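Trainee: here are the coordinates; sequence isn't available:
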Ligand code: GDP
């Protein structure tokens, strides 16, 4: 995960690690290399610049500190800022309700259906009794896919294959969940290949009809800066409550993980890193920063 970013940052620190003291010159050189590493990892230039300006300011402000070496100091400052950029502390999922409703939104292929199954599995492990809802009325295959996942984890899947009204399906599903004493309803909505007005209207209507505790926006981390643009578009319409980054097991450069919180000011709640159902993790900014810095 993020090997190329880790390597580039490592090499950005190389020179200053050999220096005896912090100077304006060696800080400037390191900061420049860090900025390039971030931009190469698909972080938007403006975010990378703001990030490195802060690093420079902090490093110069602490030059009197002699207890740590310049290299250690720079790594520490970058780590703290990475944690901050990714949201500071972890953000807990709100699954309290009668039932709690969690709406899953995102583009087609982003990993929504897979994530819905993983989330149900995760919540089941935490002693919740979840129900999955197939609200994709355009792709019958999506219903089957969710049923297969539900079967694997022993979670009921609600669907109405003949009904072409996603709002009705969602409402009926919540009523059904209540009558079956399910305490979390996970609604997998339809996605499109690109932002599309009809899709946005539909998912907004579903949101307004079922009043979800959580609206999770699922995004493929491999799509780089596009991931950030998609997040912005979904957030403008849906005002989602959290982000799920998928495919972190792939050859992603990390830009999405680093930029999304900054761009939409919503926390990353989960990261998904595989096709298997147990490859879901709560997102911890601190751990991620540690991983990036090796
Ligand atoms: P949806 O159209 O948004 O519902 O996307 P799907 O859940 O059907 O996922 C699209 C493809 O991505 C499928 O082939 C999944 O197996 C795959 N996929 C989903 N999440 C991950 C992940 O975290 N890592 C990898 N490697 N593949 C994933």
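Mentor: Noted; the coordinates are in hand. This one's a predicted model, so the numbers in the text were calculated from it and none came from an experiment.

Trainee: can you tell me which residues in the stretch 1-150 of the chain are near the ligand?
Mentor: 106, 108, 109, 110, 111, 112, 113, 114 (Cβ under 6 Å from any ligand atom). C-betas here are computed from N, CA, C, even on glycine.

Trainee: show me which of these are buried.
Mentor: The neighbour count (16 or more other Cβ atoms under 10 Å) marks 106, 108, 110, 111, 112, 113, 114 as buried among those.

Trainee: okay, those residues in TSV with pLDDT, distance to residue 50 and secondary structure next?
Mentor: Listed next are these as TSV, based on pLDDT from 0 to 100; distance: Cβ to Cβ, whole Å; DSSP: H, G, I helix; E, B strand; the rest coil:
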residue	pLDDT	distance to residue 50	secondary structure
106	96	27	strand
108	93	33	coil
110	95	27	coil
111	96	29	coil
112	96	31	helix
113	96	36	helix
114	96	34	helix
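
Trainee: tell me the two of those that are most distant?
Mentor: Pairwise distances across these peak at 12.3 Å for 108 and 114 (criterion: Cβ to Cβ).

Trainee: can I get the buried ones among the residues of the stretch 1-150 of the chain next to the ligand in CSV with distance to residue 123?
Mentor: Formatted as CSV, these follow (distance: Cβ to Cβ, whole Å):
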residue, distance to residue 123
106, 19
108, 24
110, 20
111, 17
112, 16
113, 16
114, 15
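
Trainee: average pLDDT for the strand or helix carrying residue 82, rounded please.
Mentor: Assigned by DSSP states H and E, residue 82 belongs to helix 70-85. Averaging pLDDT along helix 70-85 gives 94.

Trainee: where does the stretch 101-250 of the chain have low pLDDT?
Mentor: Of all residues in the stretch 101-250 of the chain, none has pLDDT under 70.

Trainee: all helices for it, in order.
Mentor: 112-125, 140-153, 166-179, 197-210, 225-238 (DSSP state H, counting those that start in this stretch).

Trainee: neighbours of residue 28, just the number please.
Mentor: Residue 28 has 13 neighbouring residues, counting by other Cβ atoms under 10 Å.

Trainee: picking up where we left off before, how about residues contacting the helix holding residue 82?
Mentor: Residues external to helix 70-85 that are found in contact with it (Cβ atoms under 8 Å, 6 or more residues apart in numbering): 9, 13, 16-22, 26-27, 30, 34, 47, 51, 54-55, 58-59, 62, 65, 68, 258, 261-262, 285-286, 288-290, 292-293.

Trainee: one step back: now for the residues of the stretch 1-150 of the chain next to the ligand: which two are most distant?
Mentor: Greatest spatial distance among these (Cβ to Cβ): 108 and 114, at 12.3 Å.

Trainee: and residue 247, how far from the ligand?
Mentor: 4 Å (Cβ to the nearest ligand atom, to the nearest Å).
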